[in-house]
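>>> structure for the following, please:
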Amino acid sequence: MNTDRKTARIVGVLYIIGTVAGILSLPVLLAPILGAPDYLRQFSANKTIVITGALLVVIMGVALAMVPVMMFPVLKRQNKALALGYVVFRALEATTYIAAAISWLLLVTLSQEFAKAGFPDASYFQTLGALLLGAGDWINPILTIVFILGALTFYSLLYQSKLIPRSISIWGLIAAIPYPAAGLLGMFGLISRSSTTQTVMVFPLALQEMVLAVWLIVKGFDSSAIASLSTKTDMNRA
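The predicted structure follows:
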């Protein structure tokens, strides 16, 4: 029981670390630079900011990838296959975050060479920059798909196991619905990253995750649900 309590607290802290790092990285630090018409100049002039933002994205990816790792011993008592699937989805999500961070760091290197060349109006620097920037744009819808699959798997397991109040699990399942729409709209260029529309679409789930994090830190898993899962595991072994 003490181990499960500790697990709940660690997961809550990981959610907060991931969310804070995510908010500081793209919306606060990187969005103005990525959206600038002269983004290569901006990358060159704001090297420290870009590197900081990229590192924060990696921290977010690692923190969120650790959530299913910590949860696996608990969730596998409910459904081992789905618990393993959640680990895989989060690992893929972390990989896409790291890929995006690498593309931004490569843009820093490219922008510095662009500056050394005297910021020419037309050159292969812009072509390479457009390719790297476009890679980030295509990573986003892939990230959205992987994220939504992981979220739906996670909240389905929480709903079935009753480890937390089902109202929080249902909130997560419903709030996840706008995510694919936001990803598709962004992929077709109908909305931009960190736009007001996208923020409104993803905010309900972001808020839900913070509520979940606080609940896990303060309340932990439901003791009767833990006991029920332990009994279920013992019966399966028998």
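>>> after the least confident helix or strand in the chain by mean pLDDT, next one along is what?
Lowest by mean pLDDT, DSSP states H and E among the helices and strands of the chain is helix 178-187, with a mean of 77. Downstream of helix 178-187, the first helix or strand assigned by DSSP states H and E is helix 196-218.
>>> list the helices and strands the helix or strand harbouring Gly134 packs on?
Taking DSSP H and E as the criterion, Gly134 maps to helix 124-161. Counting contacts by 3 or more C-beta pairs under 8 Å, 6 or more residues apart in numbering; DSSP states H and E, helix 124-161 packs against helix 39-45, helix 47-75, helix 80-116, helix 166-175, helix 178-187. Where C-beta positions appear, they are placed from N, C-alpha and C, glycine not excepted.
>>> state the mean pLDDT of that helix.
Averaged over helix 124-161, pLDDT sits at 89.
>>> could you do stretch 11-23 as well?
95.
>>> give me the buried positions along that stretch.
Buried residues in stretch 11-23, counting neighbours by 16 or more other C-beta atoms under 10 Å, are found at Val11, Gly12, Leu14, Tyr15, Ile16, Ile17, Gly18, Thr19, Ala21, Gly22.
>>> distance check, the last one against Ser167.
The spacing between Gly22 and Ser167, counted by C-beta to C-beta, to the nearest Å, is 25 Å.
>>> what does the fifth one give?
Between Ile16 and Ser167 the computed distance is 21 Å (C-beta to C-beta).
>>> mind putting the buried residues of stretch 11-23 into CSV with secondary structure and distance to Leu40?
Below are these laid out as CSV (DSSP: H, G, I helix; E, B strand; the rest coil; distance: C-beta to C-beta, whole Å):
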residue, secondary structure, distance to Leu40
Val11, helix, 40
Gly12, helix, 40
Leu14, helix, 35
Tyr15, helix, 35
Ile16, helix, 35
Ile17, helix, 32
Gly18, helix, 30
Thr19, helix, 30
Ala21, helix, 26
Gly22, helix, 25
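>>> and of those residues, the nearest to Lys116?
Ala21 (31.9 Å; C-beta to C-beta).
>>> residue contacts, the closest one?
Each residue near Ala21 by C-beta atoms under 8 Å, 6 or more residues apart in numbering is listed here: Leu56, Val57, Ile59, Met60, Ala63.
>>> distance check, the third one against Asp38.
It stands for Ile59. 28 Å.
>>> comparing these two, which shows the higher neighbour count?
Ile59 (19 against 11; other C-beta atoms under 10 Å).
>>> measure that one to Pro37 for me?
For Ile59, the distance to Pro37 - C-beta to C-beta - is 29 Å.
>>> one more: Ala101?
Taking C-beta to C-beta, one finds Ala101 at 23 Å from Pro37.
>>> comparing these two, which residue is more hemmed in?
Just comparing Ala101 and Pro37: by other C-beta under 10 Å the higher neighbour count belongs to Ala101, 24 against 6.
>>> pull out the buried residues from the least confident helix or strand of the chain.
Pro178, Tyr179, Pro180, Ala182, Gly183, Leu185, Gly186.
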